[in-house]
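Asks: Need coordinates for the below:
(one chain, ligands or ions: 1)
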Amino acid sequence: MDTSNITIKTKNLYLKGVSSDYKHDIFREFTPEITTYMFPKPAEKIEETVEFIERSIKGNKKGNSFQMAIFRKGSMDFLGCGGIHRINEKTPELGVWIKKLAHGNGYGREAMTALKEWADQNLDYEYILYLVAEENYPSRKIPESLGGEVARKYEKINMSGKKLHMLEYRIYPPKK
Ligand SMILES: CC(C)(COP(=O)(O)OP(=O)(O)OC[C@H]1O[C@@H](n2cnc3c(N)ncnc32)[C@H](O)[C@@H]1OP(=O)(O)O)[C@@H](O)C(=O)NCCC(=O)NCCS
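Replies: Modelled structure (predicted):
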């Protein structure tokens, strides 16, 4: 399924396929503070951001992923990025980041809730993964609000060299 032209509207948000139109926003907002508990590290040059976007567009077109940019509905302010990896497999994975200035509004949770609903309607999955560092409390609220439960704990060194104590949440589809 080509996901590159899908758009999703929620109460406060507008989600659409990631594109190079927002490369400057992504480059500026994906900061060391934002990536503290994430696996990737910030791009040092805009070319790295462009590479990420091109890879994401290819994945969306091939139906391997559903990588979105997130905007505030109405003003269309750029807020961050989110998506589902490996949508063609039994255990796809949700991921999200919201720019620092927009934290505290529940936008991350709103975007992930919408993507989970999209997955329930469009994917045939066993469970959705949400991988999060134990100390990342705002992020843990997301899988917990979607009924996710911790199935595994492990350690991982992220690309910035920080050791993360990771929790693997599994979010199951609604019972039929
Ligand atoms: C994770 C993230 C997307 C959450 O964004 P959001 O849904 O917009 O989250 P908010 O800032 O509105 O906060 C969500 C919840 O966490 C709570 N929270 C915030 N800081 C907290 C803290 N230090 N300790 C405990 N809870 C906290 C909020 O009170 C809110 O809870 P509530 O909904 O029950 O009131 C955002 O924090 C982010 O982009 N972080 C950096 C990137 C990242 O870590 N991504 C996730 C990788 S797994």
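Asks: From here on, just use CA atoms for contacts and neighbour counts.
Replies: Will do.
Asks: In this protein, what residue spans correspond to helices?
Replies: Secondary structure of the chain, counting by DSSP state H: helices at 23-29, 46-62, 107-122, 137-145.
Asks: and the first one with the ligand, contact?
Replies: Looking back up the chat, that one is helix 23-29. No - judged by Cα under 6 Å from any ligand atom, helix 23-29 makes no contact with the ligand; its nearest approach is 10.0 Å.
Asks: Which strands or helices does that helix pack on?
Replies: With contacts taken as 3 or more Cα pairs under 8 Å, 6 or more residues apart in numbering; DSSP states H and E, helix 23-29 sits against helix 46-62, strand 78-85.
Asks: Within the sheet, what are the partner strands of the shortest one, with directions?
Replies: Translated: strand 78-85. strand 65-72 (antiparallel), strand 93-98 (antiparallel) (DSSP bridges).
Asks: Find the one among the ones you listed with the highest mean neighbour count.
Replies: strand 65-72 (a mean of 25; mean count of other Cα atoms under 10 Å).
Asks: got the angle between that strand and helix 107-122?
Replies: Strand 65-72 runs at 140 degrees relative to helix 107-122, counting by axes from the mean of the first three to the mean of the last three Cα atoms, to 10 degrees.
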